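Asker: Below is the sequence, then the predicted model.
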Amino acid sequence: QVQLQESGPGLVKPSQTLSLTCTVSGGSITTNYYYWFWIRQPPGKGLEKIGYIAYSGTTDYSPSLKSRTSISRDTSKNQFTLQLSSVTPEDTAVYYCAHYTSPERAFRSWGQGTQVTVSS
C-alpha cells in the first residue's frame, strides 16, 4: 500500500516561498496512471486542490494558484515537491499530499497533513 509523508517548515513569512516535500513509500511515483496531488484546507474551509504531477512528469495546477505554483519530483528519492511563491496569510492551511489513480478515478491514499502558517 502506498504511504505518503509531508515535510517542510510550519511557519513561512509573507512574500516568501512555501516549500513542502512528499515522500512516497510502497510504490513508485513513475508507475503508470499514478497522479500525485497537493491539496490544502484553510481553517474553516473545504479542501482545495493545488495541483498534481503525473507519473509521466507532466503537471497541472489550479487556475487560481497557477501563477504561484510549481510541483516537481525527484524520482531517485521517490519524492515530489510543492513550491508556492509570494505567500500571504490566506495561504495558511493544512497541506496534504495524496495519491490518485486514473483507472479507479479515486484518491487511494493521503499523507497525514502538515500545518503551514504564514505570518511575520
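Answerer: Looks like it arrived, so ask away.
Asker: what's around residue 23, how many residues?
Answerer: 16 (other C-beta atoms under 10 Å). (Glycine included, C-beta is placed from N, CA and C.)
Asker: Hmm, I typed the wrong one, I wanted residue 103.
Answerer: Per other C-beta under 10 Å, the neighbour tally for residue 103 reads 7.
Asker: Can you list the low-confidence ranges for this structure?
Answerer: Within the chain, the set of residues satisfying pLDDT under 70 is empty.
Asker: And the strands in the chain?
Answerer: 3-7, 11-12, 18-25, 34-41, 48-54, 59-61, 69-74, 79-84, 93-101, 106-110, 114-118 (DSSP state E).
Asker: The residue positioned nearest the centre of the chain and residue 120: what is the separation?
Answerer: Geometric centre of the chain, nearest residue: residue 38, 2.4 Å, by C-alpha atoms, centre = their mean. Distance of residue 38 to residue 120, computed by C-beta to C-beta, to the nearest Å: 24 Å.
Asker: Also residue 16?
Answerer: 10 Å.
Asker: Just give me the neighbour total for residue 72.
Answerer: Neighbours of residue 72 under the rule other C-beta under 10 Å: 13.
Asker: what's near enough to touch the residue lying closest to it once chain neighbours are set aside?
Answerer: Counting by C-beta to C-beta, 6 or more residues apart in numbering, residue 72 lies nearest to residue 81, which is 5.3 Å off, once chain neighbours are set aside. Applying C-beta atoms under 8 Å, 6 or more residues apart in numbering to residue 81 gives the contacts 19, 20, 21, 22, 71, 72, 73, 74.
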